[in-house]
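>>> structure, please.
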Amino acid sequence: QVQLVESGGGLVQAGGSLKLSCAASGRTFSMHTMAWFRQAPGKERELLASIWTSGNTYYVDSVKGRFTISRDNAKNTMYLQMNSLKPEDTAVYYCAADDTGSGLFPYWGQGTQVTVSS
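Okay, the predicted model is just below:
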């Protein structure tokens, strides 16, 4: 079992920055593929970025160049640095972990709200 706890959300003006953290329990964090998702009101949850155990990363086009995913295996923590935030980035942000290699991400955090004002 893996437990995930997000933090770092809040209210920020357009153009501002926030850094989200996702703290994971368990000793096998370094073996998990990790990802950030978000869900805006009335919209489906969407994958924003992934980071593999190799350190390779993936970003959806809408955040590429603005968001940076990273991980610190020694601290069992993943991060999402968000710059140049836009009102359309307003959503609940979730971190997820996959220890199966299936891409199905069976473990989820509770979410943290990010609100970007115009």
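>>> how close does K75 sit to K19?
Distance check for K75 against K19: by CB to CB, to the nearest Å, it reads 14 Å. In short, each C-beta sits where N, CA and C put it, glycine included.
>>> now S25: phi and psi?
Dihedral pair for S25: phi -90, psi 170, per degrees, to the nearest 10.
>>> stretch 69-85: how far from the chain's middle?
Relative to the centre of its chain, stretch 69-85 is centred 8 Å away, using CA atoms, centre = their mean, to the nearest Å.
>>> equivalent analysis for stretch 76-92, please.
On CA atoms, centre = their mean, the centre of stretch 76-92 falls 7 Å from that of its chain.
>>> least confident secondary structure element in this structure?
Among the helices and strands of the chain, strand 107-108 carries the lowest confidence by mean pLDDT, DSSP states H and E, at a mean of 94.
>>> end to end on stretch 99-115, go ahead and measure it.
This stretch, stretch 99-115, spans 30 Å end to end (CA to CA, to the nearest Å).
>>> just grab the bridge partners of the closest residue in space to Y58 that isn't next to it in sequence for me.
Closest residue in space to Y58, ignoring its immediate chain neighbours: S50 at 4.5 Å, by CB to CB, 6 or more residues apart in numbering. On the basis of DSSP bridges, S50 is bridged to A35, Y58.
>>> list the residues that contact the closest residue to G101 other than its chain neighbours.
For G101, ignoring the flanking residues on the chain, the nearest one in space by CB to CB, 6+ apart is T33 at 7.3 Å. The contact partners of T33, by CB atoms under 8 Å, 6 or more residues apart in numbering, come to S50, I51, W52, T53, A97, D98, D99, G101, G103, F105.
>>> show me what contacts the first one?
Remark: with contacts taken as CB under 8 Å, 6+ apart, S50 is in contact with T33, M34, A35, W36, T57, Y58, I69.
>>> and if you look at the second one?
Residues touching I51, when contacts are defined by CB under 8 Å, 6+ apart, comprise T33, M34, A35, T57, Y58, I69, S70, R71, M78.
>>> nice, that's everything, thank you.
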